Each structure stands twice: as structure tokens, then as C-alpha cells.
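Colleague: This is a predicted model, with the sequence first.
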Amino acid sequence: MWVWRQLKSLYEYIVLYGGLLFFALICLAWSLPADVLRHLMPQRIAVRVGQYAIMLAFRIYLFVVRASGLVKCDLSALDALRGEPLIITTNHPALIDVVLIGSRLPRMVCVLKANLLDNPMLGGGASMAGYIRNDSTGNLIRRAAIATREGSQLLIFPEGTRTVTPPINPFKSGFGLVAKKAGVPIQTVFIETSSPFLGKGWPLLKKPAFPLVFRARLGERFEVTGDVKTFVADLEAYYRRELQASKNREHV
């Protein structure tokens, strides 16, 4: 039994960190040529190719880790969102959230920190896909409006960072202004996970309990009207109610 437990633990570490290394290699393998291709192709075509390539990379990574038997995902609800210009808001429990949502949506655009877009492992592919820097509110609003007008779906984490104080951090108000100026609905999404793995403060070398379970479900859709701060406060309250209700159901 001791030998079996040790082999099981070794397998889990190999899957966990081998998977992360595999993901990093996929990103790097695409980012470098993408940084060249985006300058050679017409912009609209480059953006679409870049978005689809990122979806494919995310999907390959999830296929590999799910094949291990240690990770289970139910993301099929996201398929209903394809083809609609939307701003998608979601809670942010872990670093993998972008991968989960992006693996199902071929026209997704994210708002990223400027240093990530300058990172050689991510920058080329993200820039080709039209991902937006968060270092200028004016530029963010303008680029968001253009992206949704051209058929992309903008993914925003209203908390601004991963959740520190469950069920959700206080929302930043900027995304409400972005949504109002873009003139498209906000589709709420809820990410539920069985573990705080890759959450804020999770030690990278700490192995979680397996299997890891991730689920995405759709919430209500909202139009941003009236005062933006009031809308943001109401949406935060909605997320708190829904996430708390989901937690209560788990303990029944």
C-alpha cells in the first residue's frame, strides 16, 4: 500500500506540473511565430486566426489533463454564447479561468496586464488575437468597443484579480463604463471549482486534492443602463447571492 501511495503521488505530480510545462510550451510555440504573422496578415484576418489558435491551444491543454483522469471539466454551457457580441463577466477563483472559458469561445478577447502582453511566452499570440492592455482606460474603452463591434466577445473579471475574500472581491467600476460605451449586453458566468488550486496565495508546489473539478454555468444577461456605479454595485450583489447559494447547495 505504501508503494502504491507513493506511485500515485508521483503520477499526480507528473500530471500537474508536466501539464503546466506542456501549457507553457504550447504558448511559447505559438507566440513566437504569431508575433511575426500578425504583421504580415490583414488585421481582421490576423485577429480571427489568433483568437481561434488560442482557443485550440487551450482546448488541447485541457484535453491532455482531462485524459489523465485527475481533472474533470463541465464547460458545455459556454457553447451557447458563440456568435454573439457580448461582454462576459465572471468570478475569478484561479489562474486557469481564462483557459477554461477561452477553450470554448473562438472569438474571445481578454483584458490583460501590460506586462503579460510584453511577455515573450504570451505576448505574440495575445497581441495577434486582439487582447487589450489595461494600462489606459481610454484605450481600453475604445478597443473594447471596436472588438465587440467586429463580433468578438470581451472577457472581463470585475474583481480585477483572483478572489481573495470569498465568495468574491469587491468589483472595480471600470468594466461597467466599458460595457456602457461598447453598447453590448453583459453575460454573467459563474466558475465553480472543487479546490482553491491556483487561487490567490496558493503555493505553486502544493499539490491539491484530486480529482480537480471545474464547472462553468451561465447566469443572467444584463444591459448597462443608468448610473454605472449603481449597476456595478447591483451586479456585485447578484454575484454574491448566486455564489453563496451555490455554496449552500454543495453542503446540503
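Modeller: Structure received.

Colleague: Report the central residue of the chain.
Modeller: In the chain, the centroid-proximal residue (CA atoms, centre = their mean) is residue 98; its distance is 1.8 Å.

Colleague: Helix, strand or coil: sort out the nearest residue to it once chain neighbours are set aside for me.
Modeller: Leaving aside its sequence neighbours, residue 98 sits nearest to residue 110 (CB to CB, 6 or more residues apart in numbering; 6.1 Å). From N, CA and C alone the C-beta is placed, and that goes for glycine too. Classification of residue 110 by DSSP: H, G, I helix; E, B strand; the rest coil places it in strand.

Colleague: For the stretch 151-252 of the chain, just list every one of the strands.
Modeller: According to DSSP state E, counting those that start in this stretch, the stretch 151-252 of the chain carries its strands in the segments 153-156, 186-193, 212-222.

Colleague: The second one pairs with which strands?
Modeller: Put plainly, it is strand 186-193. Strand pairing for strand 186-193, using DSSP bridges, gives strand 87-90 (parallel), strand 212-222 (antiparallel).

Colleague: Touching that strand from outside, list them.
Modeller: The contact list for strand 186-193, computed with CB atoms under 8 Å, 6 or more residues apart in numbering, reads 78, 81, 84, 86-94, 97, 100-101, 179, 212-224, 235, 238-239, 242-243, 246.

Colleague: Which elements pack onto the helix or strand of the chain with the lowest mean pLDDT?
Modeller: Sorting the helices and strands of the chain by mean pLDDT, DSSP states H and E puts helix 114-117 at the bottom, at a mean of 82. Secondary-structure packing of helix 114-117 (3 or more CB pairs under 8 Å, 6 or more residues apart in numbering; DSSP states H and E): helix 123-128.

Colleague: what's the helix it packs on in contact with?
Modeller: Contact with helix 123-128 is made by 27, 30-38, 46-47, 49-50, 53-54, 57, 110, 112, 116-117, as judged by CB under 8 Å, 6+ apart.
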